[in-house]
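> Mind looking at a prediction? Sequence and model below.
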Amino acid sequence: MEFLDLPPLLGASGRVRLPGSKSISNRTLLLAALAEGETDIRDLLASDDVERMLEALRALGVEWTREEDSANYRVRGVGGAFPVKIADLFLGNAGTAFRPLTAALALSGGEYRLSGVPRMHERPIGDLVDGLRQVGADIRYTGNEGFPPLHIRPAQIRPGGVVRVRGDVSSQFLTALLMALPLTGVETTVEVVGELISKPYIGITLDLMARFGVTVRREGWERFTIPGGVRYRSPGTVFVEGDASSASYFLAAGAIGGGPVRVEGVGRDSIQGDVRFAEALAQLGAHIEMGDNWIEARAPASGRLKAFDLDLNHIPDAAMTLAVAALFADGPCRLRNIASWRVKETDRIAAMATELRKVGAIVEEGPDYLGVTAPARLLPAAIDTYDDHRMAMCFSLVSLGDCRVRINDPKCVNKTFPTYFERFAEVTKPVPVVAIDGPSASGKGTVAARVAEALGYHCLDSGSLYRLVALAGIRGGLSFDDEAGLAAIAATLPARFADGRVFLAGEDVTDAIRSEEASGGASKVAALPAVRSALLDRQRDYRHAPGLVAEGRDMGSVIFPDAGTKIFLTATAEARAERRYKQLIEKGMAANMKSLLKDLQDRDARDAARTVAPLQKLPDAALLDTTEMDVEQAVGFVLDRVRS
Ligand SMILES: Nc1ncnc2c1ncn2[C@@H]1O[C@H](COP(=O)(O)OP(=O)(O)O)[C@@H](O)[C@H]1O
Ligand SMILES: Nc1ccn([C@H]2C[C@H](O)[C@@H](COP(=O)(O)OP(=O)(O)O)O2)c(=O)n1
């Protein structure tokens with residue numbers, strides 16, 4: 001399984017140009033295809049769901065072209081029903097393509113098969129099919145009753161009158177009917193049965209239909225009348241707004257991570273309901289500013305969001321972002337009226353509950369609500385994303401809690417926002433790491449401690465972890481080739497560092513881990529791949545605000561490959577042996593130059609020759625040879641690199 005590791009972040013600020021709205025992109029494409037005349041569509045979203053719609057339209061005989069390397073398209077409308085009368089369409093997991101195409105094709109007098117990924121076949125479509133059958137459409141389920149795949153056959157359409165459709169499962173059924181019914185040319189009224197959910201999405205549909213020349217008469221959110229004798233006509237050029245749901249992650253990042261973060265492409269004048277996410281954030285105490293085409297969010301003065309209890313029916317997609325924002329609130333939070341989450345890309349209520357628990361939250365899951373209480377401290381976790389782009393994007397925000405997070409299958413963001421993680425990285429600042437690697441006695445420990453003190457950072461002496469494993473192994477009577485046994489010790493090592501001392505299961509072992517036996521053992525256990533991997537996460541957990549200085553052999557290469565500063569600290573073997581000699585004599589310990597030098601050379605050879613994480617200077621590390629330097633100069637060199 002592919003994954004993406006996000007480091008703990010210090011904060012967020014900056015600007016993001018949003019990708020085009022998925023809802024507007026796919027609706028506009030379909031309307032442009034059905035319309036008379038050519039439509040220029042600017043800033044169309046580039047994503048999987050839009051690709052599925054573009055492919056389907058081409059298969060149905062609609063000609064479209066893309067201006068090279070741009071998000072600008074020209075669609076030649078067919079002025080009514082699709083010219084291709086027999087087609088087999090695969091629509092992935094794109095609900096915004098599947099539902100409206102089903103309706104349009106059912107009224108087109110052809111024979112069509114529509115299918116998608118397995119999850120698409122679990123997402124209900126029965127209410128829409130029922131609605132279409134009322135005007136005579138011939139639609140059959142080829143899998144399970146009420147779900148895709150579908151088989152549409154030519155039928156005698158009986159337009160006019162009243163069509164009833166349920167509005168309480170997905171508003172996309174109503175959208176699909178509204179967009180397709182003008183094809184009949186006869187006045188038809190659609191009546192919504194049950195409370196219509198996600199109303200703002202119907203707002204987008206009506207707005208776009210009007211731009212294409214069909215004005216629907218709306219009575220409340222219950223009755224919609226499509227006039228007779230109307231046809232879609234191209235408005236010429238359509239600009240696709242930025243995606244307001246995608247904006248929610250960045251606005252939340254600004255509200256959680258200091259800010260300001262500004263999103264460009266949506267603003268006060270947006271036709272997308274999800275811009276009201278900004279209002280919800282404001283209710284949580286965030287500072288929000290808006291222009292015609294931008295929104296900006298900053299953290300509350302207190303630094304922490306306020307606990308909330310909100311009905312989020314009007315912003316079902318952006319509401320997911322609030323579930324994760326609840327991890328940064330000052331009390332228990334409740335998200336209400338979100339039942340539609342259960343029939344989206346995945347059962348989002350269940351998925352959200354499972355993953356929030358992984359980071360330590362207390363979650364109460366109801367049929368149509370979620371209760372979320374943040375833990376005192378977020379826990380690092382590997383987040384499963386359920387082939388749901390929004391799960392992946394939402395959980396990136398966990399990293400703003402000074403907590404690393406792994407996102408499994410990060411490419412699922414391709415559904416709506418292929419460059420999401422790049423944009424997220426551009427407006428966030430990782431907790432900095434200074435990685436110092438080098439051979440024994442080169443001065444890493446001394447320099448790292450001094451640099452950390454000067455910067456106010458935490459410090460990780462990774463060698464002491466290997467020494468602790470060796471010591472615990474010796475005490476437990478394990479042999480140094482017992483890889484599984486030593487890895488088990490490493491995985492649960494009861495080590496603690498405090499006030500410059502090292503403790504193993506509560507016992508002060510600061511001197512014991514420096515013994516010759518433990519030193520020799522450390523370099524042997526360090527060559528065992530299972531031991532190294534058992535210590536990976538533990539080492540990464542030292543990365544906390546305001547920063548970390550980490551020293552060892554593989555800090556810059558393996559543990560913190562994204563470290564902003566990488567140093568390879570070395571000195572000749574003779575100079576290092578002499579330093580070690582002095583160290584030992586000063587501590588009143590016996591020492592012999594010749595055997596120290598031999599020991600160092602052996603250790604260097606072993607550290608450099610091992611197959612996993614061998615000691616080496618990587619091209620991106622700065623070489624610091626301290627043979628002719630004192631400690632002061634070495635520390636100065638590192639600080640200069642950090643500050644430059
Ligand atoms: N230029 C220098 N940089 C760092 N340490 C130095 C330098 N010159 C002498 N030393 C001394 O070398 C000794 C070994 O350093 P240490 O930090 O224990 O090395 P390491 O962690 O790489 O094994 C320390 O007593 C340190 O004061
Ligand atoms: N990141 C690290 C740190 C240390 N090691 C190995 C290298 C050494 O043989 C042991 C002990 O490391 P340590 O830095 O404490 O040893 P020296 O003080 O440099 O002699 O662990 C490693 O393989 N990877």
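Looks like it came in fine. Ligands and ions are numbered 1, 2, ... in the order given.
> count of neighbours near the nearest residue to Glu145 once chain neighbours are set aside?
Spatial nearest neighbour of Glu145, chain neighbours left out: Gly126 (7.4 Å); criterion: C-beta to C-beta, 6 or more residues apart in numbering. (C-beta placed from N, C-alpha, C; glycine too.) By the criterion of other C-beta atoms under 10 Å, Gly126 has 15 neighbours.
> so how far is ligand 2 from Gly126?
As judged by C-beta to the nearest ligand atom, to the nearest Å, Gly126 and ligand 2 stand 59 Å apart.
> Residues in contact with stretch 115-124: which ones?
For stretch 115-124, contacts defined as C-beta atoms under 8 Å, 6 or more residues apart in numbering pick out 88-95, 98, 143-144, 146-150, 169-170, 343-346, 387.
> Surely Ala255 touches Ala325?
Yes: counting by C-beta atoms under 8 Å, Ala255 does reach Ala325; the two are 7.0 Å apart.
> Distance check, the residue nearest to Glu145 against Ser340.
To Ser340, Gly126 is 15 Å away according to C-beta to C-beta, to the nearest Å.
> Same check on Lys524?
The gap separating Lys524 from Ser340 is 58 Å, by C-beta to C-beta.
> can you pull the buried residues of stretch 132-142?
Of the residues in stretch 132-142, those with enough neighbours to count as buried (16 or more other C-beta atoms under 10 Å) are Leu132, Gln134, Val135, Ala137, Ile139, Tyr141.
> I'd guess the first one is in a strand, am I close?
Yep, that's Leu132 we're talking about. No: counting by DSSP: H, G, I helix; E, B strand; the rest coil, Leu132 is not found in a strand; it is helix.
> Tally up the residues packed near the closest residue to it other than its chain neighbours, please.
Nearest residue to Leu132 in three dimensions, chain neighbours excluded: Ala106, at 4.6 Å (C-beta to C-beta, 6+ apart). A count of nearby residues for Ala106, using other C-beta under 10 Å, gives 29.
> which residues in the stretch 401-550 of the chain form strands?
405-408, 428-430, 433-437, 458-461, 495-498, 501-504, 507-508, 548-552 (DSSP state E, counting those that start in this stretch).
> Can I get the ones you listed in TSV including mean pLDDT?
Converted to TSV, the strands of the stretch 401-550 of the chain look like this (pLDDT from 0 to 100):
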stretch	mean pLDDT
strand 405-408	98
strand 428-430	97
strand 433-437	98
strand 458-461	96
strand 495-498	91
strand 501-504	95
strand 507-508	96
strand 548-552	98
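> could you dump the ones you listed to JSON lines with distance to Gly116?
Listed next are the strands of the stretch 401-550 of the chain as JSON lines, based on distance: least, C-beta to C-beta, whole Å:
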{"stretch": "strand 405-408", "distance to Gly116": "22"}
{"stretch": "strand 428-430", "distance to Gly116": "34"}
{"stretch": "strand 433-437", "distance to Gly116": "43"}
{"stretch": "strand 458-461", "distance to Gly116": "48"}
{"stretch": "strand 495-498", "distance to Gly116": "51"}
{"stretch": "strand 501-504", "distance to Gly116": "56"}
{"stretch": "strand 507-508", "distance to Gly116": "60"}
{"stretch": "strand 548-552", "distance to Gly116": "46"}
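> quick one, which of these is nearest to ligand 2?
Checking the strands of the stretch 401-550 of the chain against ligand 2 by C-beta to the nearest ligand atom gives strand 548-552 as the closest, at 2.5 Å.
> Can I get the closest one in PDB? Just the C-alpha atoms.
Written as PDB, here are the backbone C-alpha positions of strand 548-552 (Å, rounded to 0.1, in the frame of the first residue of the first chain):
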ATOM      1  CA  LEU A 548      14.800  18.800  16.800                       C
ATOM      2  CA  VAL A 549      18.500  18.200  16.500                       C
ATOM      3  CA  ALA A 550      19.000  14.500  15.800                       C
ATOM      4  CA  GLU A 551      22.400  12.800  15.700                       C
ATOM      5  CA  GLY A 552      23.500   9.400  14.600                       C
END
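> what are the pairing partners of that strand, and which direction each?
Strand 548-552 sits in its sheet next to strand 433-437 (parallel), strand 458-461 (parallel), going by DSSP bridges.
> Relative to ligand 1, how far out is Ile559?
16 Å.
> The closest residue to Asp368 other than its chain neighbours: how many residues sit nearby?
The spatial neighbour of Asp368 that comes closest, neighbours along the chain excluded (C-beta to C-beta, 6+ apart), is Ala339 at 3.6 Å. Ala339 has 17 neighbouring residues, counting by other C-beta under 10 Å.
> Ramachandran angles for Ala339?
phi -60, psi -30 (degrees, to the nearest 10).
> could you list every residue that touches it?
Per C-beta under 8 Å, 6+ apart, neighbours of Ala339: Ile197, Pro367, Asp368.
> circling back: and among the strands paired with strand 548-552, the most buried is which?
Of all the strands paired with strand 548-552, strand 433-437 has the most neighbours on average by mean count of other C-beta atoms under 10 Å, namely a mean of 28.
> residues making contact with it?
Outside strand 433-437, the residues that reach it (C-beta under 8 Å, 6+ apart) are 444, 447-448, 451-452, 455, 457, 543, 547-557, 559-560, 562-569, 615, 617, 621, 638, 642.
> Could you pull up phi and psi at the residue in the stretch 401-550 of the chain that ligand 1 sits nearest to?
Closest approach between the stretch 401-550 of the chain and ligand 1, counting by C-beta to the nearest ligand atom: Gly443, at 2.2 Å. With angles defined as degrees, to the nearest 10, Gly443 sits at phi 110, psi 10.
> sorry, back to before: distance to ligand 2 added to the strands of the stretch 401-550 of the chain, as JSON lines?
What follows is those, written out as JSON lines (distance: least, C-beta to the nearest ligand atom, whole Å):
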{"stretch": "strand 405-408", "distance to ligand 2": "21"}
{"stretch": "strand 428-430", "distance to ligand 2": "20"}
{"stretch": "strand 433-437", "distance to ligand 2": "7"}
{"stretch": "strand 458-461", "distance to ligand 2": "7"}
{"stretch": "strand 495-498", "distance to ligand 2": "13"}
{"stretch": "strand 501-504", "distance to ligand 2": "11"}
{"stretch": "strand 507-508", "distance to ligand 2": "17"}
{"stretch": "strand 548-552", "distance to ligand 2": "2"}
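> who wins for proximity to Ala278 among those?
strand 428-430 (19.4 Å; C-beta to C-beta).
> Now Val635. Nearest residue, chain neighbours left out?
Sequence neighbours aside, Arg450 is the residue nearest to Val635 in space, at 4.6 Å (criterion: C-beta to C-beta, 6+ apart).
> Give me the distance between the one you found and Ala634.
Taking C-beta to C-beta, one finds Arg450 at 8 Å from Ala634.
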